[in-house]
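> Sequence plus the predicted model coming up.
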2 protein chains.
Amino acid sequence: MSDKIDVLLVDDHAVVRAGYKTYLSLSNKIGDIYEADKGETACQLYTQYQPNIVVMDLSMPGIGGFESIRRLIARDPNCKILVFSIHNELVYVTRAIKAGAKGYITKNSVPETLVAAVCQIAAGGSYVEPELAQQLAFNIASEKDESEQIKQLSPREFDVFCLLARGYTTRKAAEKLCLSYKTVCNHGTSIKEKLGVKSVAEMTLLASRHGIIDNLAH
Amino acid sequence: MSDKIDVLLVDDHAVVRAGYKTYLSLSNKIGDIYEADKGETACQLYTQYQPNIVVMDLSMPGIGGFESIRRLIARDPNCKILVFSIHNELVYVTRAIKAGAKGYITKNSVPETLVAAVCQIAAGGSYVEPELAQQLAFNIASEKDESEQIKQLSPREFDVFCLLARGYTTRKAAEKLCLSYKTVCNHGTSIKEKLGVKSVAEMTLLASRHGIIDNLAH
DNA sequence: ATACTCTCGGGATATTTTCCCTGTTTTTTC
DNA sequence: GAAAAAACAGGGAAAATATCCCGAGAGTAT
């Protein structure tokens, strides 16, 4: 183990990890690079290799990105996590940071940005993509946004919200989150109350408006 | 211009393109690699560089993947396009092929698969990821385009569909249509069956994809 | 220490949906 | 023009789901 920065890459797509690697290998400050394709594996590898930083995507099969962050933090409260996501919606940024991430950049970033963010965070700092940081600053000021409602959701509620809005049944969401059906049911009820909607379809629409659903490919 | 295969990469994320490149550069059959971040640019670069094959993602800003395929084909009917997508749903595969793509693989594919597919298609063949091809084969009977499914709805069912997808509860839809609650319920069931969805949220997503709901204006 | 909020779920009770079935009206089809 | 096939509307019973109310434990802030 040298003074270089060891990185754990977490993304479910091998080709994307290859891209990360290419970016990171441009710098001689980066040491070993480990790879995980999902959150569960990431937790395991983190304990095993003790990397200096975790670079990860949010959308993954299994426990998903947010829960992955929480679990990593639970294992090691000093764990340094940089989220490198496809999403440039503020909701995700704030959620990720609340979950414990030290940084957030998007996949549009250039290699230098990734390396810079990694170094900065590994050194104990934090890094949020300037453009997003700007938006955040303005967003905090103006509190009339419709997404205020979404911000009111607790972390767990947000998890449930994402799944239900995507078309998951309550039962399947419970399965995915390893929760009792009743718990998800209850979360669903309070989500609807907080968002002021009556049906799951309305939840979907709201989520869709905020880009929480990748309604990609037209 | 040698006998190597020149490739045009189309993906809006630079890091993903870097991954593609890493994969492709493993083979000495690959020649020049050009890059585009969206469909419009792709069309332009295609005309300019005349690559042997286009490798592209489906979810992109601007005109999107499907329209990009159509435009490329319009420019050059012999244009060889390999879709390399995050989506493993059959709908996307069939739509891509209908649009004119010669191949389809997912981002879970290993490097060898990508290179093999590229070579095969460049040589005039086609390539669909075996697993997806299998599923397609079994799905031929029920293979319908999404919009085909919507067309299958009877007029009355379509009425109900629109309301439910917009967030109306069954009860309110019944009220609006001056029908018994039970009737709307039953329509709902057959709609779900015809569309092949399990929840109202999925109906909403489907409707949203087809522009039946204008969710962009809020 | 106290008071939050978040999380998780049980039990009893609505509510909703499904499945199956009976009719009536259109619309096709031969 | 008659027969067949959809579409349309709903009832009843049973199954599935959701809600409401409750309490317990964990964590955090005052």
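All right, it came through fine.

> Checking the closest residue to residue A:32 other than its chain neighbours next. Helix, strand or coil?
Once flanking residues are discounted, residue A:32 sits nearest to residue A:6: 4.5 Å by Cβ to Cβ, 6 or more residues apart in numbering or on different chains. C-betas here are computed from N, CA, C, even on glycine. Of the three states, residue A:6 takes strand according to DSSP: H, G, I helix; E, B strand; the rest coil.

> May I have the phi/psi pair for the residue nearest in space to the middle of chain A?
Central residue of chain A (Cα atoms, centre = their mean): residue A:58, 3.6 Å from the mean position. Phi and psi for residue A:58, reported as degrees, to the nearest 10, are phi -90, psi -40.

> my guess is it contacts residue A:82, does it?
No: in this structure, residue A:58 is not within contact of residue A:82 by Cβ atoms under 8 Å, at 11.6 Å.

> which other residues reach stretch A:106-121?
A:5, A:7, A:20, A:22-24, A:26-27, A:29-30, A:53, A:55, A:80, A:82, A:84-88, A:102-103, A:105, A:126-127, A:129, A:132, B:12-16, B:18 (Cβ atoms under 8 Å, 6 or more residues apart in numbering or on different chains).

> Which residues of chain A lie near DNA strand C?
For chain A, the contact set with DNA strand C under Cβ under 7 Å from any atom of the strand comprises A:154-157, A:179-180, A:182-183, A:186-187.

> Could you list the domains of chain A?
Here the domain parsing of chain A from automatic domain parsing is A:5-138, A:147-209.

> mind giving me TSV with those and columns for mean pLDDT?
Rendered in TSV, the data for these read as follows (pLDDT from 0 to 100):
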stretch	mean pLDDT
domain A:5-138	83
domain A:147-209	84
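
> between those, which gets nearest to residue B:44?
domain A:5-138 (20.0 Å; Cβ to Cβ).

> Does DNA strand D have contacts with that closest one?
No: figure legend: domain A:5-138 not in contact with DNA strand D (Cβ under 7 Å from any atom of the strand); closest approach 8.0 Å.

> ranges for the strands of chain A?
A:5-10, A:30-36, A:53-56, A:81-85, A:103-106, A:127-128 (DSSP state E).

> gap between the second one and the chain center?
So the one you mean is strand A:30-36. When distances are taken as Cα atoms, centre = their mean, to the nearest Å, strand A:30-36 is centred 19 Å away from the chain's centroid.

> Same question for the fourth one.
Using Cα atoms, centre = their mean, the mean C-alpha position of strand A:81-85 is found 7 Å from that of the whole chain.

> same deal with the last one?
Here the centre of mass of C-alpha atoms in strand A:127-128, compared against the chain's by Cα atoms, centre = their mean, lies 14 Å away.

> ditto for stretch A:46-56
The answer for stretch A:46-56 is 16 Å, by Cα atoms, centre = their mean.

> before we move on, the earlier item: may I see the strands of chain A arranged in a markdown table, with mean neighbour count and distance to residue B:191 as well?
Formatted as a markdown table, the strands of chain A follow (neighbours: other Cβ atoms under 10 Å in any protein chain shown; distance: least, Cβ to Cβ, whole Å):
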| stretch | mean neighbour count | distance to residue B:191 |
| --- | --- | --- |
| strand A:5-10 | 24 | 39 |
| strand A:30-36 | 18 | 41 |
| strand A:53-56 | 26 | 39 |
| strand A:81-85 | 25 | 35 |
| strand A:103-106 | 24 | 38 |
| strand A:127-128 | 19 | 44 |
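
> Among the ones you listed, which comes closest to residue B:72?
When the strands of chain A are ranked by proximity to residue B:72 (Cβ to Cβ), strand A:103-106 comes first, at 26.9 Å.

> Strand partners (parallel or antiparallel) of the closest one?
strand A:81-85 (parallel), strand A:127-128 (parallel) (DSSP bridges).

> Name the residues of stretch A:95-115 that are buried.
Going by neighbour count (16 or more other Cβ atoms under 10 Å in any protein chain shown), the buried part of stretch A:95-115 is A:95-97, A:99-107, A:109, A:111, A:113-115.

> looking at the strands of chain A, which is closest to residue B:162?
Comparison of the strands of chain A against residue B:162 by Cβ to Cβ identifies strand A:81-85 as nearest, at 33.8 Å.

> just the angle between the closest one and strand A:5-10, please?
50 degrees (axes from the mean of the first three to the mean of the last three Cα atoms, to 10 degrees).

> who touches strand A:81-85?
The contact list for strand A:81-85 (Cβ under 8 Å, 6+ apart) reads A:11, A:20, A:53-59, A:65, A:69, A:72-73, A:92, A:96, A:100-107, A:109, A:114, A:117-118, A:121, A:127, B:15.

> From DNA strand C, how far off is residue A:28?
Distance, residue A:28 to DNA strand C, using Cβ to the nearest atom of the strand, to the nearest Å: 41 Å.

> what sits against that residue?
With Cβ under 8 Å, 6+ apart, residue A:28 has these contacts: residue A:4.

> any idea where the helices of chain A begin and end?
Here chain A has its helices, by DSSP state H, at A:14-24, A:39-49, A:64-75, A:90-99, A:111-122, A:130-141, A:147-152, A:155-165, A:170-177, A:181-195, A:200-209.

> Distance to residue B:150 added to these, as a markdown table?
What follows is these, written out as a markdown table (distance: least, Cβ to Cβ, whole Å):
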| stretch | distance to residue B:150 |
| --- | --- |
| helix A:14-24 | 33 |
| helix A:39-49 | 36 |
| helix A:64-75 | 31 |
| helix A:90-99 | 30 |
| helix A:111-122 | 42 |
| helix A:130-141 | 37 |
| helix A:147-152 | 29 |
| helix A:155-165 | 21 |
| helix A:170-177 | 24 |
| helix A:181-195 | 27 |
| helix A:200-209 | 16 |
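
> Output the strands of chain A in TSV, with distance to residue A:204 appended to each entry.
Below are the strands of chain A laid out as TSV (distance: least, Cβ to Cβ, whole Å):
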stretch	distance to residue A:204
strand A:5-10	28
strand A:30-36	31
strand A:53-56	26
strand A:81-85	21
strand A:103-106	24
strand A:127-128	29
